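Asker: My questions concern the predicted model and sequence given below.
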Amino acid sequence: MSGRVVLERLGEREMAALLVGGELEDFLIDPASGTDFAQGAVFRAIVDRALKVRGGAIARLPSGRKAFVKGAGVCAAGASILVQISSYAESGKAMPVTLNVRFKRRYAVAVLERPGINLSRSIQSPDRRVYLASLAERLCRDAPHNVGVILRSACADACDGEIASDVRTVLGNAEKALAGASGKSPEMLLPGPRAGEIAQRDWKGAALADSDGAGFEESGIWDMLHDVRGERFEIQRGATMYVQETRALVAVDVNTGSDTSPGSSLKANLAAARELPRLLRLKGLGGQIVIDFAPSPKNSRDSIVDALRNSLSNDPVDTSLAGWTPLGNFELQRKRSRYPLSEAWPE
């Protein structure tokens, strides 16, 4: 994905927008409450009780917050554990956290309790892989014995200085987390990354245009975001798609509109499949997503799924295609990794 990133700062809050061909492709915003409890934040948590039925445990975080730790049933009550916030928590629910703590930058990832050096499989040149492995060995010579490092795909054409800087950063974060692992009370060890950091880390090939209060206005981003906040979207030749957020799921309805020409349903469904991932990114929606495509022959389903899969191929949010339901709807399961735009919109 290539384009231009506009970074906006309103007070202590950061927002980043990715423009590709003048169109808004992605949007990130710091939570209104700050990044202490944002995805990626690392804590020393104290186990309260095991949940045998759900295969996890409830743990205490600072400020009286509760966390659900999947797979932590082996931890005794009162145990101190290192956890990382793994996804957005709905209001009134325990914060989802993981024991698989990792620190991610553009070129490198440090992983606790998984020692060793690994390279992204997408780095295919044998000579480059040998060189990067040697570089990583030198950079990780003094790393903690229980910390592993992964060199990401961006290392394929990065300079040594850029890689070294990121390796030092992720190892430093890992050491800080490990140093604070023991204790009898919950503590925040590292906050989650801010919007600008995530943009520079995950939006490949994008050039950053930093601004201070005027960038969104000059680029028309505020107007684009205003449009995205709605529920009704025109997708092609009068066809429309409704994206409606409920507490249980996200409901998507595709309609052909006034177009009654042959193949209009398939055209509308293909357009919806191509556009939906962008709208889900911008609206920050995740969880269960149910799509009611316009009625079309069953032999067109493969084409619809292929279009949806292709449009998700470069999406940074993990999404699983669950398939068609007996009633003819299509279901997705999408990680809740972002705050919904409806909640995150700045006042």
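Answerer: Thanks, I have it.

Asker: what does the biggest strand by length in the chain contact?
Answerer: Ranked by residue count under DSSP state E, the longest strand found in the chain is strand 42-51. Residues outside strand 42-51 that contact it (CB atoms under 8 Å, 6 or more residues apart in numbering): 56-62, 66-69, 72-73, 75-85, 97, 101, 173, 177, 180-190. Where C-beta positions appear, they are placed from N, C-alpha and C, glycine not excepted.

Asker: dump the residue contacts of residue 292.
Answerer: With CB under 8 Å, 6+ apart, residue 292 has these contacts: 251-254, 328-329.

Asker: Could you pick out the buried ones from those residues?
Answerer: Burial by neighbour count, judged by 16 or more other CB atoms under 10 Å, picks out 251-254 from the contacts of residue 292.

Asker: Tell me the one of those nearest residue 301?
Answerer: residue 254 (13.4 Å; CB to CB).

Asker: what about the closest one, helix or strand, and which?
Answerer: Per DSSP states H and E, residue 254 falls inside strand 250-255.

Asker: Show me what that strand packs onto, helices and strands only.
Answerer: In terms of contact count using 3 or more CB pairs under 8 Å, 6 or more residues apart in numbering; DSSP states H and E, strand 250-255 is assigned the packing partners strand 239-245, helix 264-283, strand 287-292.

Asker: And the helix or strand that the shortest one is followed by, what's buried?
Answerer: So that's strand 287-292. Toward the C-terminus, strand 287-292 is succeeded by helix 301-312 as the next helix or strand (DSSP H and E). Using 16+ other CB under 10 Å as the test for burial, helix 301-312 gives 301, 304, 307-308, 311-312.

Asker: orientation of helix 301-312 relative to helix 264-283 in degrees?
Answerer: Helix 301-312 runs at 30 degrees relative to helix 264-283, counting by axes from the mean of the first three to the mean of the last three CA atoms, to 10 degrees.

Asker: next SSE after helix 301-312?
Answerer: With elements assigned by DSSP H and E, the helix or strand that comes after helix 301-312 is strand 319-324.

Asker: Phi, psi for the spatially closest residue to residue 65 that is not a sequence neighbour please.
Answerer: Excluding the flanking residues, the one nearest residue 65 by CB to CB, 6 or more residues apart in numbering is residue 95, at 5.9 Å. Main-chain dihedrals, residue 95, degrees, to the nearest 10: phi -70, psi 120.

Asker: What pLDDT is listed against residue 95?
Answerer: If you check residue 95, the pLDDT there is 92.
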